[in-house]
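K.L.:
Here's a sequence, model it:
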Amino acid sequence: MDREATDEDANNLQMQLENMPNIDTVEYESKEVVKAEMMKESDTFNAIMGSWDEQTNPLQNEFILKVKNVEDLNKT
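P.N.:
Numbers count the residues shown, from 1 in each chain. Predicted coordinates for the structure are as follows:
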């Protein structure tokens, strides 16, 4: 997602994704959640990301999509 996207932009995009025929689920994760999950995975990530606050966190908010049929992925 664009770093400048508003909550309204994110909600609109989520609705568009959910309405796509081959999309099964759409999960939104904020950059703070992404950071916390990555920090759990590695001592190196933890050391680097531990000093980031909301302003200095360079990660982006994201959507995690699960498709219904991977063979139709190109159509999605």
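K.L.:
List the contacts of residue 37.
P.N.:
residue 29 (CB atoms under 8 Å, 6 or more residues apart in numbering). C-beta coordinates here come from the backbone N, C-alpha and C atoms, glycine included.
K.L.:
now it, what's its secondary structure?
P.N.:
helix (DSSP: H, G, I helix; E, B strand; the rest coil).
K.L.:
Show the model's pLDDT score for it.
P.N.:
Here, the pLDDT recorded for residue 37 equals 96.
K.L.:
try the one 10 residues further on
P.N.:
The score at residue 47 is 96. That number is its pLDDT.
K.L.:
where's it relative to residue 38, distance?
P.N.:
Residue 47 is 12 Å from residue 38, where distance means CB to CB, to the nearest Å.
K.L.:
With neighbour numbers in mind, choose between the two.
P.N.:
More crowded of residue 47 and residue 38, by other CB atoms under 10 Å: residue 38, with 15 against 10.
K.L.:
surely that one meets residue 45?
P.N.:
Yes. Here residue 38 lies in contact with residue 45, judged by CB atoms under 8 Å, at a distance of 4.8 Å.
K.L.:
Tell me where the chain has helices.
P.N.:
7-18, 31-41, 43-49 (DSSP state H).
K.L.:
beta partners for the most centrally placed residue in the chain?
P.N.:
When CA atoms, centre = their mean is applied to the chain, the residue found nearest the centroid is residue 62 (1.6 Å). Using DSSP bridges, the beta-bridge partners of residue 62 come out as residue 29.
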